[in-house]
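Novice: this is a predicted model, with the sequence first.
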Amino acid sequence: MKRTRLIGDLGRHTVLVVVLFLMIVPTLLMLVISVKDTSQYAVNPYGLTFPFHWENYATAFRVMWRYLLNSIVLSAVTAVLVTFIGALSAYVFARFDFPGRKTLFYAFIGLIMIPSVLTLIPQFEVVRDLKLLNSWWALVLPWVALGQVTAVFLIRAFFESLPSEVFEAARLDGAGEFRVFLTMAVPMSKPILAVVALFNVLGTWNDVIWPLVTLNDKGLFPLALGLLRFRDSYYTAWGPLMAGYAIAAIPLLLLFIFANRTFVEGAVAMKGRV
């Protein structure tokens, strides 16, 4: 029995070590390459070379600061809209009983099984027909729409677990349904709302394909697309490019540090409810 348990623990720890290795090594290589110039990268791309060229970070920031600001605005707006609209829809599915509720919910959740790449062309045609191409609306509206499925799925399960007595007491005090939602459901659901918001920030921050097909104005580019300016058909400035990737990771790292406690609470709250 002990031997079997020991083998199981060893297997789990081995898997964790392998996963950790696959996560850390690319990050270390990115940091090593970010302080190389072109000749150092050509001679020894993956080893330490001296002197370190910290000016790559200044070069990268001069190129990408506008794209960084664009991504912050786009990701923040999208996360707020996805979380609010998703929470409102989830509240209806969780706290109201109407004909066809379950059928409609399962049909809605079934959309999560459709790969996003299959909707790329139809989605592009809709945005084009609405004359939204080459604007931020071409990014925000599809991102908000696509984020609803996961948001409703996660938040509905949390809302259903909240005690009905709290909502009934608010209604008896004269609160309308929207006020009950804002003053009771939302404050009690901050952890799960934070999880949904963080997931959406990660998705929009790293999206390259959709901005690539909908934007032409470089002034509107988000960060993931702006980083491509370090590359062309004949040459790649690997040092500044990797420095740009490192800078791009800083806002997400800070966001996770400050929201870590809320994120963990939300993850724990989801366990057993979804």
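Specialist: Ah, there it is.
Novice: for Leu225, what are its contacts?
Specialist: Taking C-beta atoms under 8 Å, 6 or more residues apart in numbering as the criterion, Leu225 is in contact with Tyr67, Val208, Pro211, Leu212, Leu215. The way it works is simple: take the backbone N, C-alpha and C, and place the C-beta from them, glycine included.
Novice: for the first one, which non-adjacent residue is spatially closest?
Specialist: Distance criterion C-beta to C-beta, 6 or more residues apart in numbering; nearest residue to Tyr67, sequence neighbours excluded, is Gly226 at 2.9 Å.
Novice: how many other residues sit next to Gly174?
Specialist: Other residues near Gly174 number 7, with proximity taken as other C-beta atoms under 10 Å.
Novice: and for Leu228?
Specialist: The burial count assigned to Leu228 is 14, neighbours taken as other C-beta under 10 Å.
Novice: low-confidence bits of the stretch 101-250 of the chain, can you list those?
Specialist: Flagging of the stretch 101-250 of the chain using pLDDT under 70 yields the residue ranges 233-234.
Novice: next SSE downstream of the longest helix along the chain?
Specialist: Among the elements of type helix in the chain, defined by DSSP state H, the one spanning the most residues is helix 55-95. The helix or strand immediately downstream of helix 55-95 is helix 101-109, counting by DSSP states H and E.
Novice: with only the CA atoms kept, save that following helix in CSV.
Specialist: These are the backbone C-alpha positions of helix 101-109, laid out as CSV (Å, rounded to 0.1, in the frame of the first residue of the first chain):
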residue,chain,number,x,y,z
ARG,A,101,-34.9,28.1,-19.4
LYS,A,102,-32.9,24.9,-19.3
THR,A,103,-33.2,24.3,-23.1
LEU,A,104,-32.1,27.9,-23.8
PHE,A,105,-29.2,27.6,-21.3
TYR,A,106,-27.9,24.4,-22.7
ALA,A,107,-28.2,25.7,-26.3
PHE,A,108,-26.2,28.8,-25.3
ILE,A,109,-23.6,26.8,-23.5
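Novice: report all helices and strands that that helix contacts.
Specialist: For helix 101-109, the helices and strands in contact under the criterion 3 or more C-beta pairs under 8 Å, 6 or more residues apart in numbering; DSSP states H and E are helix 137-161.
Novice: next, the angle helix 137-161 makes with the next helix or strand after the helix it packs on.
Specialist: Per DSSP H and E, helix 137-161 leads on to helix 164-172 as the next helix or strand towards the C-terminus. For helix 164-172 and helix 137-161, the angle between their directions (axes from the mean of the first three to the mean of the last three C-alpha atoms, to 10 degrees) works out to 110 degrees.
Novice: any idea how far helix 164-172 is from the chain center?
Specialist: Helix 164-172 has its average C-alpha position 34 Å from the chain's average C-alpha position, going by C-alpha atoms, centre = their mean, to the nearest Å.
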